[in-house]
Each structure stands twice: as C-alpha cells, then as structure tokens.
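> Structure for this input, please:
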Amino acid sequence: MKREKFGTRMGFILVSAGCAIGIGNVWKFPYMCGEYGGAAFIFIYLVFLLILGIPVLTCEFAIGRGSGRSVAAGFEKLEPEGTSWHVTKWVGIIGSYLLMMFYTTVGGWMMYYCYRSIRGEFAGASADEISAGFSDMLGSAPVMAFWTILICVVGFAVCQFGIQKGIERVSKFMMSALLIIMIILAVHSVFMDGAGEGIRFYLIPDFHRMLEMGIGNVIFGAMSQAFFTLSIGIGAMMIFGSYIGKERSLAGEAVSITALDTFVALMAGFIIIPSCFAFGIEPGAGPSLIFITIPNIFAQMPGGQIWSALFFLFLTFAAFTTIVAVFENIISFDIDIFGWSRNKSVLVSAALIIVLSMPCVLGFNILAGFEPLGARTNIMDLEDFIVSNNLLPLGSLGYVLFCTRKNGWGWKSFLEEANTGKGIPFPNTLKGYVSYVLPLVIIVIYLKGYYDKFAEQGAAVLTGWMTAAVLFLGFIIICAVVRKKKL
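I've put the predicted structure just below:
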C-alpha cells in the first residue's frame with residue numbers, strides 16, 4: 001500500500017507543532033515561570049530545549065522517515081538481523097492508547113467550557129458559582145461522557161479523510177486560528193490596567209525566588225518541562241516523520257517545530273499572568289488555573305463573554321490538534337501491523353478509544369473513591385503518571401539508544417537520514433553527547449520523577465516505587481540492547 005505524504009512542508013510543521021502544543025503549554029508553563037523565577041527559568045528552559053528536546057525529536061523523526069512506518073513497525077524494518085529493538089515498540093503503542101484514555105477527557109472539558117463561554121455563562125458569575133460549575137461538571141458522568149465521546153468522534157472523523165485532506169487541512173486552519181487568537185488575547189492582556197506587575201513577575205529574573213525554590217529544583221523543573229513539552233517518546237512524532245520526503249534535513253525541521261511550540265508557551269504566559277495580576281487573582285496550577293481562576297477573570301472583565309469564548313476556543317484547538325495527531329498514530333498501528341484499510345482502522349480505533357476513555361470519565365464521579373496513587377488522586381492521575389513519568393522518557397531513551405548503538409540502527413545510518421536534504425545539519429561532533437550524556441539525562445529525569453511523586457509518602461513507599469522503577473528501566477534497556485535470536 002502506497003504511503004500518503006504531506007502536501008507541503010508547512011503542513012508537516014503545523015501538524016507536528018500541533019501535536020507538541022497542548023494543554024501543558026498553557027496551564028503548566030506560565031505557572032512554572034512565575035514559580036521558578038520568571039525570565040531566569042525561561043532561559044534555562046530554552047537551553048534544555050536546545051540540548052535535550054531537539055536531539056530526541058530529531059531521532060524520532062529520523063526513525064520515522066528512515067523506516068517509512070509508525071512505531072509499530074519502524075524498528076522491525078531498521079533493526080539489524082537478530083536484535084530485539086522491536087520490543088520497544090510496545091512503549092509507543094501502549095503510551096499512545098494510555099495518553100488518549102485521559103487526554104480526550106481534558107479535550108472534552110475544553111469543548112464544554114468553550115460552549116459555556118459562548119452561551120455567556122461566566123458573565124457576571126460569582127467566584128463560588130464558577131467553582132461550583134467545575135465541580136458539577138466533574139460530578140456528572142453523562143456530561144463528562146458526552147463531551148469526551150464528541151471530541152473522539154470529531155477527531156477520528158478528521159483522520160478518516162487521510163493526511164492531506166483531513167489532518168493537514170484541519171491542522172493548518174486550527175493552528176493558524178490558534179496563533180491569531182493567542183496574539184489577540186496576549187495583546188489585550190498586557191494592555192489591561194495593572195498588567196505591568198504581572199509582566200515584570202513573568203519576565204524579570206527573580207534570583208531570590210530561584211534560591212528559595214532551590215537552584216537544583218529550578219534546573220530540573222526546566223529540564224523536565226523541556227523534555228515533556230514536545231510529546232516525544234511514544235511515536236506521535238515518528239509517524240509524521242514517516243509521511244515526509246527527503247527534501248529537508250530533520251534537525252532543521254525539529255528546530256522549527258520546537259520554536260513554534262516555545263512561542264505558544266511564552267504567549268500563553270502573556271495571556272494568563274498579566275490578567276491574573278490585573279484582577280488581583282493568584283495564578284494557580286493545573287485545572288484550577290484554567291477552569292476556575294481564568295473564568296473568574298473573565299467574569300470581572302468588560303466584554304468577558306467574547307474574551308472567554310476566544311480563550312477556550314484557543315484551548316480547544318490546542319487540545320484537538322494533539323488528539324488528532326495521536327489518533328493518527330493509533331490508526332497507523334493497525335495499518336502497519338495488520339494491513340487494514342484506513343476506514344477499518346478508524347472505526348475500530350474510535351470504538352476502542354471511546355470505551356477505554358470511560359474509566360477516566362468515571363474516575364471523577366462514580367469511581368471517585370478509587371485513589372490509586374494515594375489520597376486525593378484519581379484514575380486520570382494514574383494514567384498520566386504511567387505516560388508522563390514512565391513511557392515518554394523510556395520511549396525517548398529507546399530512540400536515542402537505537403540511533404547510536406552499533407547493534408541498533410547506528411550513528412552513521414541515523415546521521416545520513418537526519419542530514420538528507422536542505423537545512424540545518426545534525427553535527428557529527430555530538431556523537432559522544434547523544435550516545436552517552438543524553439541517555440544519562442533521560443534516566444535521571446525518569447528516576448527523579450519517581451522520587452518527586454512518592455517522596456512525601458514515606459521512605460518505605462518511596463524505596464518500593466524506586467526499586468520498581470529501576471527494575472523496569474533495566475528491563476527496557478536489556479530488551480532493547482542485548483542481541484538475541486528472533487523467533
């Protein structure tokens with residue numbers, strides 16, 4: 001079966017950037033900037049994007065373009081005879097499904113709040129009413145299920161039309177609209193009365209705050225955000241690498257996508273932080289920032305109904321482009337493994353994702369008593385932990401090792417693929433760094449994620465989870481690196 005390609009280079013960049021740009025750019029990055037010292041954090045974050053995010057993204061693109069397949073079949077095509085690198089494909093397959101098991105719920109929240117904003121439900125509402133509205137949504141299984149199913153149906157409908165007529169066309173429109181809406185919102189935010197203090201808080205380095213938080217914590221926070229913001233590790237970027245030609249070098253494309261993702265994150269800070277300061281509201285992290293803090297601002301703002309609708313439309317587009325990108329990855333699994341048609345894969349995958357999304361939906365209401373990671377946690381927290389703290393770093397580690405090890409694809413093959421075409425070349429001088437330093441950094445991120453997650457639960461619990469993490473990490477490395485005869 002002939003593999004479809006992107007119609008234009010811009011389509012590839014916007015679709016890939018749409019995958020990378022998600023809710024984390026909006027509700028996590030601005031908060032971390034303020035929490036960790038403003039511009040000082042941004043500088044450290046940009047450094048880690050350059051030395052960590054771009055190399056891993058280039059590796060993922062190279063495997064995709066070199067194999068012409070998704071993560072489900074790419075390793076089999078490129079790995080040397082008698083090696084077991086294909087085992088690592090399950091990190092990408094499981095990770096893509098798990099990510100959509102909770103990200104579709106979050107996307108549904110965005111659509112629902114966009115709908116509520118258009119109806120003017122936040123105009124003149126009190127803080128208690130806005131907070132109660134969010135709780136009511138979480139507590140209603142039918143409401144949660146409806147919006148989750150809706151975004152799944154719309155997302156798979158886009159994918160059914162294929163790369164050029166579906167995903168590329170819709171992503172071009174949504175990403176263009178997202179950027180325009182974001183700029184309008186940012187300009188409006190920074191010119192509000194009282195916004196100056198928020199801009200200073202966001203952009204002026206606060207080294208005293210950095211020392212309070214701990215320089216090590218700030219550096220690790222920037223490193224982790226740079227790593228996770230690009231959606232690398234589960235093949236969501238690899239699939240788009242398989243849809244592009246050889247005209248452009250991959251490092252240059254990775255730089256363009258990273259720059260666009262960073263621009264959105266920075267602009268989100270200009271939207272949120274000055275608005276919070278203008279209305280005397282403390283910026284919070286996570287869902288409370290988006291669904292309680294921001295609606296409270298719009299409720300006080302002249303023309304709040306319009307600005308609220310634009311803001312949640314912006315968020316809906318950001319979530320939807322990520323969802324469609326990962327849906328395409330999931331659809332490609334069936335096409336590459338079973339040889340199914342696109343239509344059959346879309347139908348089967350849509351049904352699976354809708355069913356698998358229901359535990360997350362019910363985890364906020366009917367199954368709210370299930371606290372898998374300790375008090376005040378839910379099913380979404382568990383699914384997010386497995387993906388963000390495990391599969392993303394382990395998948396990225398697999399790509400880097402595969403591209404650098406002699407019993408894998410190898411540095412020479414990787415470099416030849418990455419540097420084919422016009423654009424920024426990937427430096428050969430980075431071989432030692434990518435082969436040894438980068439894997440070590442990823443392992444540190446992986447283990448530190450476990451430490452941060454379970455440190456407050458006591459030494460015994462932390463030791464148990466860290467032991468499990470080390471064993472899991474060792475298993476993945478052994479499966480990927482050790483040579484063995486294929487069955």
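
> By mean pLDDT, point me to the weakest helix or strand of this structure.
helix 459-481 (a mean of 70; mean pLDDT, DSSP states H and E).

> Now do the nearest residue to D334 once chain neighbours are set aside against G474, distance only.
Take D334 and drop its neighbours on the chain: the residue closest to it by CB to CB, 6 or more residues apart in numbering is S345, 3.8 Å away. Yep, even glycine has a C-beta here, placed from its N, CA and C like the rest. According to CB to CB, to the nearest Å, S345 stands 34 Å off from G474.

> Then E60?
From E60 across to G474, the span is 23 Å (CB to CB).

> Neighbour count for the two, which is higher?
E60 (33 against 10; other CB atoms under 10 Å).

> quick one: contacts for the more buried one?
I232, G233, G235, M237, M238, G241, S396, Y399 (CB atoms under 8 Å, 6 or more residues apart in numbering).

> Tell me the helix or strand right after the helix or strand harbouring it.
Assigned by DSSP states H and E, E60 belongs to helix 54-67. Once helix 54-67 ends, the next helix or strand along the chain (criterion: DSSP H and E) is helix 71-78.

> got any ranges where the chain has weak pLDDT?
Counting by pLDDT under 70, the chain has low-confidence residues at 1-2, 283-286, 456, 459-461, 466, 475-487.

> Can you report how many residues lie near the closest residue in space to G374 that isn't next to it in sequence?
Leaving aside its sequence neighbours, G374 sits nearest to Q457 (CB to CB, 6+ apart; 6.0 Å). For Q457, the neighbour count with other CB under 10 Å is 14.

> Q457 contacts A375, correct?
No. Checked against CB atoms under 8 Å, the pair Q457 and A375 is beyond contact range at 9.5 Å.

> Tell me where the stretch 251-400 of the chain has helices.
For the stretch 251-400 of the chain, the helices defined by DSSP state H, counting those that start in this stretch cover 287-288, 294-300, 304-338, 342-362, 379-386, 392-404.

> oh, I was asking about the stretch 101-250 of the chain
127-139, 141-160, 169-190, 195-203, 207-213, 215-228, 238-241, 250-278.

> buried residues in the third one?
Yep, that's helix 169-190 we're talking about. Counting neighbours by 16 or more other CB atoms under 10 Å, one finds that the buried residues in helix 169-190 are 169-172, 174-175, 178-179, 181-182, 185-186, 188-190.

> repeat for the first one
Burial within helix 127-139, assessed by neighbour count using 16+ other CB under 10 Å, is assigned to I130, S131, G133, F134, M137, L138.

> contacts for stretch 149-168?
Stretch 149-168 has contacts (CB under 8 Å, 6+ apart) with 4-8, 11-12, 14-15, 104, 107-108, 111, 169-170, 243, 319-320, 323-325, 327-328, 331, 342-343, 346, 349-350, 353-354, 357.

> ok, back up a step: distance check, the residue nearest to D334 against L356.
16 Å.

> more crowded one of those two?
S345 (23 against 16).

> All set now, cheers.
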